[in-house]
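K.L.:
fold the following, please.
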Amino acid sequence: MSTVTEISASIKDALTRVKGLRVHDYLPDQINPPVAYVAIDSIDYHGAFRGGNPLHAYTVTVIVGRTSDRASQKLIDDYLSYDSDLSIRSAIEYDRTLGGTVQTSIVTRGGNLQAINMGDVVYVGIDFTVTVYP
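P.N.:
This is a model prediction of the structure:
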């Protein structure tokens, strides 16, 4: 069974399919948008008897610049799209085994649009929930 670190790295690798998106497996100290990072949310260890079939939930946060409200919203919409060149869902689900690291993975939701303040700069962020069966 793959570790949390290995799965995070595999999700990060899948996100490199999104053209122009800088991808990290942690929240970087400095933001150079558009950027995404992967974080573990939770692990349910006992999806079946005797501790089998664990379920991992990860959050992929995508952060874009806010130089123009319309341009930022358009980019967020493209990342949220079901199937486009910039679709986060499509990039992760392109290979649901994440390169053979897991049994299966699925992007279950996108949302939680938020303003993110870092230093004196305001960015726009959106979260994606990725459900993984290692």
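
K.L.:
what segments of the protein are strands?
P.N.:
Using DSSP state E, the strands of the chain run over residues 22-24, 35-44, 55-64, 104-118, 121-133.

K.L.:
next, the angle from the longest one to strand 55-64.
P.N.:
Here strand 104-118 runs at 40 degrees with respect to strand 55-64, directions being taken by axes from the mean of the first three to the mean of the last three Cα atoms, to 10 degrees.

K.L.:
what residues of strand 104-118 count as buried?
P.N.:
105, 107, 110, 116 (16 or more other Cβ atoms under 10 Å). The C-beta positions use only the backbone N, C-alpha and C, and glycine is treated the same way.

K.L.:
quick one, what contacts the third one?
P.N.:
So the one you mean is residue 110. 79, 80, 88, 89, 126, 127, 128, 129 (Cβ atoms under 8 Å, 6 or more residues apart in numbering).

K.L.:
and what of the second one?
P.N.:
If a contact means Cβ under 8 Å, 6+ apart, then residue 107 has 88, 89, 92, 93, 128, 129, 130, 131 as its contacts.

K.L.:
at 10 Å instead, please
P.N.:
11, 58, 60, 82, 87-93, 96, 128-131 (Cβ atoms under 10 Å, 6 or more residues apart in numbering).

K.L.:
buried ones among the residues you listed?
P.N.:
11, 58, 60, 87-93, 128-130.
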